[in-house]
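Engineer: Just to be clear, the model below is a prediction. Sequence and coordinates:
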Amino acid sequence: MKDGVNGVALAVFIFFFVAVTVMGFLAARWRKAAESDNLDEWGLGGRSFGTWVTWFLLGGDLYTAYTFVAVPAAIYAAGAAGFFAVPYTILVYPLIFTFLPRLWSVSHKHGYVTTSDFVRGRFGSKGLSLAVALTGILATMPYIALQLVGIQAVLDVMGVGGGENTHWFVKDLPLLIAFGVLAAYTYSSGLRAPALIAFVKDGLIYLVIAVAIIYIPIKLGGFDHIFAVAQDAFAQKNPATGKPRGELASGPNAQWAYATLALGSALALFMYPHSITATLSSRSRNVIRRNTTILPLYSLMLGLLALLGFMAVAAGIKVQNGQLAIPQLFEDMFPDWFTGVAFAAIGIGALVPAAIMSIAAANLFTRNIYKDFLKPGATPAQEHKVAKLVSLLVKVGALVFVLTMDKTVAINFQLLGGIWILQTMPALVGGLFTRWFHRWALLAGWAVGMVYGTLAAYGVASPTQKHFGGSSAEIPGIGEVGYIGLTAFVLNVLVTMVLTVILRATKAPDGVDETSPEDYTADVGDKGVQADLPPVTAGVPAGH
């Protein structure tokens, strides 16, 4: 690690940070509707984004600072196990092709802003809707925190904030400033801010990866040398566990954990509120269908990015916090000016998804807690005001997590959020295709999945944590170690199906379904859908 502040890298980082901050505030005027004082405009960007805006927004939403920092950091720490993120992003797109267009259609037909809106309308159950909303907010909080951890990792490597003995306020002041800027332009511009900034973020990420995948191997002696050094390093035993540090390629004993984690993560990804928020902001059903076919381009980027973990090992990077491995690799390998570009890519790669996540959580609270339970007669203007305030509170909660908890556990808490959010899948995806599931059965299945998943994760220990040390445990009845979230999901579905049979047989009262079959295939031009869309300012193209 270089001594002191890397002034050149910091100057470049600040330049890009200021540029996207200005873009964030200017976004309030971008594609603005004549009447913008409502949740559709602030929280969904007016439901008017075309194919490329949606592609960059979803890419900026899904491929985050977690992608840039935590995935290669996992490979740096344990080897091939960290590659689970690559197959799961390949699996996810055929899955979402089957249900996201249906969700878009019914949501635009009825003006749904959140998944909980749909669940309430489909099953006539505010209780089930509340469970989905609370789960979404709970799962989103550690995800936002992880983005702030990414920013802090970059600042630490640049030497900003002083050493470990520096007063906490001085040390964390740069992160507090970044947080304040993020909160301000999200409050001002809503979803339009991350949608506009995503163009810069994705462009920087592609540039940095293209350079890194060519330049760093040349400096390290080629991929043969990188893999040879990594294999030797992973073969060394960890003093804390007495086992090898990791594996260059996953062995037979790790295959169940690897496969179930990849599959479970794929099922969970588009259950997250921020994924759905970005989806519902698009202007037509076909925009969603096209995006499911071109989003896999990001998976190619992710595969190349993951290789940085092996490069960090081969470069001899030594850090106590694995989250710092890739920022440190960039500082050691790149010229200072390009180090600043790489750090800007990570920093902006944290700001974009953090903004979308806070907006998504605010939408859930406003629609499915505030309006459904606290003030049923809330006007659109009141919804708009509450959502903006809640988006600030959500960010504060994430910031408190980052400033008060061990940074090395951030990824495990995010994985715990994945366990939780997966339990909403039966109600959401099941409801898009069938009304057979009973609302009470879905609620009971959700509760079983949540309790089992949380308790099982609580019982997982690691060398650095007594509880919540990972997301894999022994699968009951099989004896193999697998992803806890997928086991909880299977229990959730089994409970839901059994109780549905019982409740149907006893003729338990069912909720009212406000949707109709044709709602699930409706498009913009269909009667009743176009009228639900807010107007866009005249003269501004709706698609680009």
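Structural biologist: It's in.

Engineer: In this structure, mark out all the strands, start to finish.
Structural biologist: 472-474, 481-483 (DSSP state E).

Engineer: what packs against the first one?
Structural biologist: Meaning strand 472-474. Helices and strands touching strand 472-474, as assessed by 3 or more C-beta pairs under 8 Å, 6 or more residues apart in numbering; DSSP states H and E, comprise helix 255-269, strand 481-483, helix 484-505. C-beta: built from backbone N, CA, C; applies to glycine.

Engineer: swap the cut-off to 7 Å and go again
Structural biologist: strand 481-483 (3 or more C-beta pairs under 7 Å, 6 or more residues apart in numbering; DSSP states H and E).

Engineer: next one: the last one
Structural biologist: Judged by 3+ C-beta pairs under 7 Å, 6+ apart, the packing partners of strand 481-483 are helix 255-269, strand 472-474.

Engineer: buried set for the last one?
Structural biologist: It refers to strand 472-474. Buried positions in strand 472-474, judged by neighbour count with 16 or more other C-beta atoms under 10 Å: S472, A473.

Engineer: And the longest one, by the same measure?
Structural biologist: Taking 16+ other C-beta under 10 Å as the neighbour-count basis, helix 255-269 is seen to contain the buried residues 256-269.

Engineer: pLDDT weak spots in this structure?
Structural biologist: Where the chain drops to pLDDT under 70, the residues are 1-3, 31-36, 66, 161-171, 240, 406-411, 525-544.

Engineer: longest single helix anywhere in it?
Structural biologist: Counting residues, the longest helix in the chain under DSSP state H turns out to be helix 126-158.

Engineer: can you give me the angle it makes with helix 255-269?
Structural biologist: Orientation check (axes from the mean of the first three to the mean of the last three C-alpha atoms, to 10 degrees): helix 126-158 against helix 255-269 gives 110 degrees.

Engineer: For burial, what's the neighbour tally of the residue nearest to Y370 when sequence neighbours are not counted?
Structural biologist: Closest residue to Y370 apart from its sequence neighbours, by C-beta to C-beta, 6 or more residues apart in numbering: V386 at 5.3 Å. Number of residues near V386 (other C-beta atoms under 10 Å) recorded here: 21.

Engineer: Equivalent analysis for the one 4 residues further on, please.
Structural biologist: Neighbourhood size, V390 [other C-beta under 10 Å]: 21.

Engineer: Settle this for me: it is touching T366, isn't it.
Structural biologist: Yes - between V390 and T366 there is a contact under C-beta atoms under 7 Å: 6.4 Å.

Engineer: gap between the longest helix of the chain and the chain center?
Structural biologist: 8 Å (C-alpha atoms, centre = their mean, to the nearest Å).

Engineer: Return the residues in contact with the residue nearest the centre of the chain.
Structural biologist: In the chain, the residue lying closest to the centroid (C-alpha atoms, centre = their mean) is L62, at 5.2 Å. Taking C-beta atoms under 7 Å, 6 or more residues apart in numbering as the criterion, L62 is in contact with L269, S275.

Engineer: Ok, G159 next?
Structural biologist: Here G159 is in contact with G4, V5, N6 (C-beta under 7 Å, 6+ apart).

Engineer: re the thing from before, how much space separates the residue nearest to Y370 from W42?
Structural biologist: Separation of V386 from W42 (C-beta to C-beta, to the nearest Å) stands at 11 Å.

Engineer: A212 and L308 touch, don't they?
Structural biologist: Yes - between A212 and L308 there is a contact under C-beta under 7 Å: 6.4 Å.

Engineer: Those two: which is more packed in?
Structural biologist: Legend: neighbour count by other C-beta under 10 Å for A212 and L308, higher for L308 (27 against 22).

Engineer: got a list of what the more buried one touches?
Structural biologist: Neighbour list for L308: P72, A212, I326, L329 [criterion: C-beta under 7 Å, 6+ apart].

Engineer: returning to that earlier point: any idea how far the residue nearest to the centre of the chain lies from T54?
Structural biologist: L62 is 12 Å from T54, by C-beta to C-beta.

Engineer: Name the residues contacting each of the two.
Structural biologist: Counting by C-beta under 7 Å, 6+ apart, nothing touches both L62 and T54.

Engineer: so how far is the first residue of stretch 38-49 from its last?
Structural biologist: From its first residue to its last, stretch 38-49 covers 17 Å (C-alpha to C-alpha, to the nearest Å).

Engineer: now that stretch: how far from the chain's centre is it?
Structural biologist: Distance, stretch centre to chain centre, for stretch 38-49: 20 Å (C-alpha atoms, centre = their mean).

Engineer: Show the residue spans covered by the helices in the stretch 301-450 of the chain.
Structural biologist: Secondary structure of the stretch 301-450 of the chain (DSSP state H, counting those that start in this stretch): helices at 308-314, 325-333, 336-365, 380-404, 410-422, 425-433, 439-458.

Engineer: Out of those, which is closest to H108?
Structural biologist: Proximity to H108, assessed across the helices of the stretch 301-450 of the chain by C-beta to C-beta, is greatest for helix 425-433 (13.8 Å).

Engineer: Show me what that closest one is packed up against.
Structural biologist: Applying 3+ C-beta pairs under 7 Å, 6+ apart, one finds that helix 425-433 contacts helix 85-110, helix 115-123, helix 439-458, helix 484-505.

Engineer: can you rerun that using 8 Å?
Structural biologist: helix 85-110, helix 115-123, helix 126-158, helix 439-458, helix 484-505.

Engineer: Looking at these, which is nearest to W30?
Structural biologist: Nearest to W30 among the helices and strands packed on helix 425-433 is helix 85-110; the distance by C-beta to C-beta comes to 21.1 Å.

Engineer: Which neighbouring elements make contact with that closest one?
Structural biologist: helix 115-123, helix 255-269, helix 273-280, helix 285-294, helix 297-306, helix 425-433.

Engineer: I'd like the ones you listed laid out as CSV, including distance to L351.
Structural biologist: Putting the helices and strands packed on helix 85-110 into CSV (distance: least, C-beta to C-beta, whole Å) gives the following:
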stretch, distance to L351
helix 115-123, 24
helix 255-269, 20
helix 273-280, 13
helix 285-294, 22
helix 297-306, 18
helix 425-433, 28
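
Engineer: To T140, which of those lies closest?
Structural biologist: Taking C-beta to C-beta, helix 273-280 is the member of those nearest to T140, at 5.8 Å.

Engineer: If I take that closest one and helix 425-433, what angle do their directions form?
Structural biologist: 20 degrees.
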